[in-house]
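Engineer: Model the structure of this input:
(chains A, B, C and D)
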Protein chains: 2
Amino acid sequence: MNIDDISSLHYQQLLNHIREIVEISETEFNNYLPKFEIKVLKKKQNLLEPDQISKHMRYIVSGCARVYTLDEQGNEKTLQIGIENWWVNDLYSYITQKPSTMFIQTLEETTIIQINKNNLEDIFNHSNAISNFFRIKIQNAYVSLQERTKENMLTDAYARYQKFRTDYRDIEQRVPQYIIASYLDITPEFLSFLRKKHKS
Amino acid sequence: MNIDDISSLHYQQLLNHIREIVEISETEFNNYLPKFEIKVLKKKQNLLEPDQISKHMRYIVSGCARVYTLDEQGNEKTLQIGIENWWVNDLYSYITQKPSTMFIQTLEETTIIQINKNNLEDIFNHSNAISNFFRIKIQNAYVSLQERTKENMLTDAYARYQKFRTDYRDIEQRVPQYIIASYLDITPEFLSFLRKKHKS
DNA sequence: CGAAAATTTGACATGACTCAACTGGAGTGG
DNA sequence: CCACTCCAGTTGAGTCATGTCAAATTTTCG
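Structural biologist: Alright, predicted model coming up:
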């Protein structure tokens, strides 16, 4: 299998992903293909760093990445973790085109497909399907984030941990515990303590 | 001024609000007007209650409302507070058409304009402007919610209170302190304590 | 195998909660 | 227009969830 075959597999995966939500023909999609670019990153590399402006929408083909920031004491706070078929971005920076405060970091060797903001907006003007796809995606992202906000307000750390384990079983096994702790907004020590306490 | 004049003022306000974000002609907008309905509510009335399905997008013309839910012990947790020119909804229930867990409650006498989901989706199919308007609105809502999530993770209760006061000065003066506490995810007693402690 | 990274442990500190009592206004009815 | 009630806000004592820091242990990986 040569490089082009592999690329075309990746694009096929993206097309299938889009087709889970909207209808779009392969020929139409192929028109836009040249605007999407494939990137392969090693583990622990950054797709975005603080003070940079997020210029792309990014889709994970394979691998794993997270969005995190630092508090004043330098502790990491993870806002999002994504695997295959997730989109990862700092939408704040992408939408406003202002400098980000976030890192987007790969947690494994990761392949992404990304598209530049201007190019994507061009596509929005031509394609109702793509435009609808992203509207629905953002809607869904909003709803999950609201669910998470609610969870954070309603339940204690252990309940949140359990929910994380059931909702993201596949993620849990692939990322170190200190990152899960930083996603749950607790210290690694406290997560360790909770695991021990509830071991049956 | 008769009732129709007042209604038309309200619709005019909505049009101006939409025009802050997208371009749309008055004639086009007038086509959709019959689908929007005006409602006036007294203080402390509910626009939505748990187990109901949210069937409308709701725009506040005047007054004030909040979205909140209850934890197991029956404590109120406020997820959103809105005043004139805000949209209030439980998007989870609206988008999925599943039963809500939220109350949407007026905090003052409040006038809203609302539109039924099916009607709004009809409009999406006819009007790129309206469709874009809502895409952008939801994007912005996502970004603010992410900012809030970040704030909650990064800063302590008093910092959050201060930020609330500067970001929403107009809201702060109109809603009781226990509701602000429930928005900040602290108890009213603790907010009272913080205010005293930092009084200069 | 050895070094670095991740996890666990334990002692102690603290931010935030609970509960109960008290204070002070705002609204209401007589 | 007073008296009463009721609700929001305040106070304080005691408690609990979670954090901090430092050291010990285990795992990962070059």
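Engineer: Please name every helix or strand in contact with the helix or strand of chain A with the lowest mean pLDDT.
Structural biologist: The helix or strand of chain A with the lowest confidence, counting by mean pLDDT, DSSP states H and E, is helix A:3-19 at a mean of 90. With contacts defined as 3 or more C-beta pairs under 8 Å, 6 or more residues apart in numbering or on different chains; DSSP states H and E, helix A:3-19 has these neighbours: helix A:26-32, strand A:36-41, strand A:56-62, strand A:110-116, helix A:128-154. C-betas here are computed from N, CA, C, even on glycine.
Engineer: Which one of these lies nearest to residue B:123?
Structural biologist: Smallest distance to residue B:123 across these (C-beta to C-beta): 13.7 Å, for helix A:128-154.
Engineer: Looking at per-residue confidence, what score does residue A:2 get?
Structural biologist: What the model reports as pLDDT for residue A:2 is 68.
Engineer: distance of residue A:182 from DNA strand C?
Structural biologist: For residue A:182, the distance to DNA strand C equals 10 Å [C-beta to the nearest atom of the strand, to the nearest Å].
Engineer: cool, residue A:99 as well?
Structural biologist: As judged by C-beta to the nearest atom of the strand, residue A:99 and DNA strand C stand 27 Å apart.
Engineer: what does residue A:173 give?
Structural biologist: Following C-beta to the nearest atom of the strand, the distance that separates residue A:173 from DNA strand C is 11 Å.
Engineer: Point out the residues in chain A that sit beside DNA strand C.
Structural biologist: For chain A, the residues in contact with DNA strand C (C-beta under 7 Å from any atom of the strand) are A:176, A:177, A:178, A:188, A:189, A:191, A:192, A:193, A:195, A:196.
Engineer: follow-up on the earlier one: can you give the distance of the least confident helix or strand of chain A from its chain's centre?
Structural biologist: Distance of helix A:3-19 from the chain centroid (C-alpha atoms, centre = their mean, to the nearest Å) equals 18 Å.
Engineer: buried sites along it?
Structural biologist: A:7, A:10, A:11, A:13, A:14, A:17, A:18 (16 or more other C-beta atoms under 10 Å in any protein chain shown).
Engineer: Would you mind getting the angle between that helix and strand A:56-62?
Structural biologist: Angle of helix A:3-19 versus strand A:56-62, following axes from the mean of the first three to the mean of the last three C-alpha atoms, to 10 degrees, is 110 degrees.
Engineer: Convert helix A:3-19 to PDB, retaining C-alpha atoms only.
Structural biologist: Taking C-alpha atoms only, helix A:3-19 is exported to PDB below (Å, rounded to 0.1, in the frame of the first residue of the first chain):
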ATOM      1  CA  ILE A   3       1.200   6.700   0.600                       C
ATOM      2  CA  ASP A   4      -1.700   7.800  -1.600                       C
ATOM      3  CA  ASP A   5      -3.700   4.700  -0.700                       C
ATOM      4  CA  ILE A   6      -3.200   5.500   2.900                       C
ATOM      5  CA  SER A   7      -4.300   9.100   2.500                       C
ATOM      6  CA  SER A   8      -7.300   8.100   0.600                       C
ATOM      7  CA  LEU A   9      -8.300   5.800   3.400                       C
ATOM      8  CA  HIS A  10      -8.000   8.700   5.800                       C
ATOM      9  CA  TYR A  11     -10.200  10.900   3.700                       C
ATOM     10  CA  GLN A  12     -12.700   8.100   3.300                       C
ATOM     11  CA  GLN A  13     -12.900   7.900   7.100                       C
ATOM     12  CA  LEU A  14     -13.600  11.600   7.300                       C
ATOM     13  CA  LEU A  15     -16.300  11.200   4.600                       C
ATOM     14  CA  ASN A  16     -17.900   8.400   6.500                       C
ATOM     15  CA  HIS A  17     -17.800  10.400   9.600                       C
ATOM     16  CA  ILE A  18     -19.500  13.400   8.000                       C
ATOM     17  CA  ARG A  19     -22.100  11.100   6.400                       C
END
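Engineer: what does chain A put close to chain B?
Structural biologist: Residues of chain A that fall close to chain B, judged by C-beta under 8 Å from any C-beta of the partner chain: A:69, A:71-72, A:77, A:79, A:91-92, A:95-96, A:101, A:131, A:134-135, A:138-143, A:145-150, A:152-155, A:185.
Engineer: are any of the residues you listed buried, and which?
Structural biologist: Applying 16+ other C-beta under 10 Å to the residues of chain A next to chain B flags A:69, A:77, A:79, A:91-92, A:95, A:101, A:131, A:134-135, A:138-139, A:141-143, A:145-146, A:148-150, A:152-154 as buried.
Engineer: beta partners for the spatially most central residue of chain A?
Structural biologist: Nearest to the centroid of the C-alpha atoms of chain A, with distances taken as C-alpha atoms, centre = their mean, sits residue A:88, at 2.7 Å. On the basis of DSSP bridges, residue A:88 is bridged to residue A:58.
Engineer: What distance do you get for it to DNA strand C?
Structural biologist: Taking C-beta to the nearest atom of the strand, one finds residue A:88 at 19 Å from DNA strand C.
Engineer: Residue A:6 now?
Structural biologist: Distance from residue A:6 to DNA strand C, by C-beta to the nearest atom of the strand: 29 Å.
Engineer: can you check residue A:172 too?
Structural biologist: 10 Å.
Engineer: Next: residue A:163.
Structural biologist: Relative to DNA strand C, and taking C-beta to the nearest atom of the strand, residue A:163 is found at 18 Å.
Engineer: what angle sits between the strand or helix carrying that residue and helix A:128-154?
Structural biologist: Following DSSP states H and E, one finds residue A:163 within helix A:157-167. Interaxial angle, helix A:157-167 versus helix A:128-154 (the same axes, to 10 degrees): 150 degrees.
Engineer: Which strands or helices does helix A:157-167 pack on?
Structural biologist: By 3+ C-beta pairs under 8 Å, 6+ apart, helix A:157-167 packs against helix A:128-154, helix A:177-184, helix A:188-197.
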